[in-house]
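Asker: let me see the structure of the following:
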Amino acid sequence: MKQIRLEAMNSNLATHEGIKTVGVEKFCGFSSNSLLCICIVTWNMNGKVSYEDLAEIVGSDRKFDLLVVGLQEVPRRNIAKLLQAVLVETHSLLGESIMQSLQLFVFGPKNSELFNNEMKVDKHAVGGFGGLIRRKKGAVAISISFKGIRMVFITCHLSAHARYVEERNSQCRHISHSLFSKNRNPYARPSHLTVWLGDLNYRIQGIDTQPARNLIQKNLLRLLTSKDQLLQEAERGQIFDGYCEGNLAFNPTYKYNLGSNNYDTSYKVRVPAWTDRILYKIDKFSEIDATLHSYESIDCIHSSDHKPVKSHLCLKVSYCR
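Answerer: A predicted model of the protein is given here:
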C-alpha cells in the first residue's frame, strides 16, 4: 500500500505542465463580430501618477473590446476618474475592485452594458504592514461575463525580496483558493479565461547583478529566463500550472532609478528582475482559442522604479458553454 501511494505521488509530480511560453503573433485582425480583444496592463506605480503616464499606458490605438488595468502602490488619487478621462471618447468603466493601494479596473466600449452581466468583485489580503504605508499586499479580483465569455481577472502584489520564494508560492495558492470562495456554487460553470497580472515579485537568482546587467545589455535575455524564480517554481508544479505567458523578450522591469532607464544604483544595486507579469489560462473544455498579439514593457515611463507591462490577448470563440 505504501508503494502504491508513493507511485501515485510521483505520478502527480510528473504530470504538472508548468507555464507554457507562447509566441506573439503581431497582426491582430480586430473585429467585434468574431473576436474578443483584451488589452491588459499591470503597473507598480510607486505612489506616483500623472495623466500623461496613464495616457501612455492606454495608448491611442484602441483596437480592443476590454481594457484591464491592474495597479499596485497606487497613490491617494482617483485613478478611475483619471483613466476615464483618458478613455472618454471610446470606453467606459464596467467595474473596479480596490483594496487601498491595490486596484483593478475593467473598461468596455461605450454603451456596452448590454453585453456585460454577472459581475462580482472580491479581495484577499496577505500579511505584513502594507496597510500602514499604503503598500497593501494581496490580491483584488473581478469576475465578469462579457458577450457570453466568463472571465476572471486577478491583480496581485506579493511579498518582496529574493529569499521569500516559498512565501510567494503560498500566497498564490491562498489567493487562488480564497477569491470568490464565499457561497461558492460547486455546480457553477468555470471561467473560460483566468488572467493574473501584477507585481508578483519573483526574482532572478543564481547570478550577481553585474553579470545579469551585462546579459541584458547584450540582449541575451534567454540566458536570464532560466534563472527566473516564477518559471522555476511553475516548473516544479508549485504555482500557475497550465498557465500561459508570452516570451520574456523585454528587459526586466525592476528595479530602475526614478526618472531614468538605468537600473538601481543605490547601495543595494539589486539584480534586475521580471517582477511584473501577465499570465493567462483558458479552460480546456471551453473551445476557445487565445492568441497573444503583444507582450511588452513600456520603457518610456520613468515615474516609478517599475516599468508597466502590457499585453494584447484575443479570444476566438467557437462555442461558449
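Asker: what sits against the residue nearest the centre of the chain?
Answerer: Among the residues of the chain, the one closest to the centroid is L197, at 1.2 Å (C-alpha atoms, centre = their mean). Going by C-beta atoms under 8 Å, 6 or more residues apart in numbering, L197 touches 40-42, 68, 70, 153-156, 277-279, 309. In this view, the C-beta of every residue, glycine as well, is placed from N, C-alpha and C.
Asker: one more pass at 10 Å, please.
Answerer: Neighbour list for L197: 40-43, 68-72, 104, 153-156, 276-280, 309-311 [criterion: C-beta atoms under 10 Å, 6 or more residues apart in numbering].
Asker: buried residues in stretch 239-250?
Answerer: In terms of neighbour count (16 or more other C-beta atoms under 10 Å), stretch 239-250 has its buried residues at 239-240, 243-246, 248, 250.
Asker: so what does E233 have for phi and psi?
Answerer: Dihedral pair for E233: phi -70, psi -30, per degrees, to the nearest 10.
Asker: I'd guessed it sits against R168; true?
Answerer: Yes. Here E233 reaches R168: they are 7.9 Å apart, a contact under C-beta atoms under 10 Å.
Asker: who touches both of those two?
Answerer: Residues touching both E233 and R168 (C-beta under 10 Å, 6+ apart): 202, 239.
Asker: between the two, which one's more packed in?
Answerer: Between E233 and R168, R168 has the larger neighbour count (other C-beta atoms under 10 Å), namely 24 against 20.
Asker: part of a strand, is the more buried one?
Answerer: No. Assessed with DSSP: H, G, I helix; E, B strand; the rest coil, R168 is helix; it does not lie in a strand.
Asker: sorry, back to before: ok, the helix or strand encompassing the residue nearest to the centre of the chain: who's next to it in the sheet?
Answerer: L197 is part of strand 193-199 when elements are defined by DSSP states H and E. If you go by DSSP bridges, strand 193-199 pairs up with strand 149-157 (parallel), strand 276-282 (antiparallel).
Asker: can you pull the contacts of the closest residue to C28 other than its chain neighbours?
Answerer: Leaving aside its sequence neighbours, C28 sits nearest to H293 (C-beta to C-beta, 6 or more residues apart in numbering; 4.3 Å). By C-beta under 10 Å, 6+ apart, the contact list for H293 reads 24-30, 37, 39, 63-64, 246, 311-314.
Asker: H293 is in what secondary structure piece?
Answerer: Secondary structure from DSSP H and E places H293 in strand 288-297.
Asker: ok, that strand: who's next to it in the sheet?
Answerer: Here, using DSSP bridges, strand 288-297 pairs with strand 309-317 (antiparallel).
Asker: report the buried residues of the partner strand.
Answerer: 309-315, 317.
Asker: stretch 285-304 now?
Answerer: For stretch 285-304, burial by neighbour count (16+ other C-beta under 10 Å) applies to 286, 288, 290-293, 295, 297-298, 301, 303-304.
Asker: got the residues you listed as a markdown table, with pLDDT columns?
Answerer: Below are these laid out as a markdown table (pLDDT from 0 to 100):
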| residue | pLDDT |
| --- | --- |
| S286 | 86 |
| I288 | 90 |
| A290 | 93 |
| T291 | 93 |
| L292 | 96 |
| H293 | 94 |
| Y295 | 98 |
| S297 | 98 |
| I298 | 98 |
| I301 | 97 |
| S303 | 97 |
| S304 | 98 |
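Asker: for these, work out which two are farthest apart.
Answerer: Farthest pair in those (C-beta to C-beta) is S286 and S303. Separation: 38.7 Å.
Asker: tell me which of the contacts of H293 fall in strands.
Answerer: 37, 39, 246, 311-314 (DSSP state E).
Asker: which one of the residues you listed sits closest to N185?
Answerer: Relative to N185, and with distances defined as C-beta to C-beta, the nearest of those is L313, at 27.0 Å.
Asker: run through the bridge partners of that closest one.
Answerer: I38, L292.
Asker: mind listing what it touches?
Answerer: Neighbouring residues of L313 by C-beta under 10 Å, 6+ apart: 28, 36-40, 64, 66, 68, 193, 195, 244, 246, 278, 280, 282, 290-295.
Asker: switch to 8 Å and redo it
Answerer: Contacts of L313 by C-beta under 8 Å, 6+ apart are 37-38, 40, 195, 280, 290-293.
Asker: swap in A139?
Answerer: So, once contact is read as C-beta under 8 Å, 6+ apart, A139 ends up touching 102, 123-124, 126, 154-157, 175, 179, 198.
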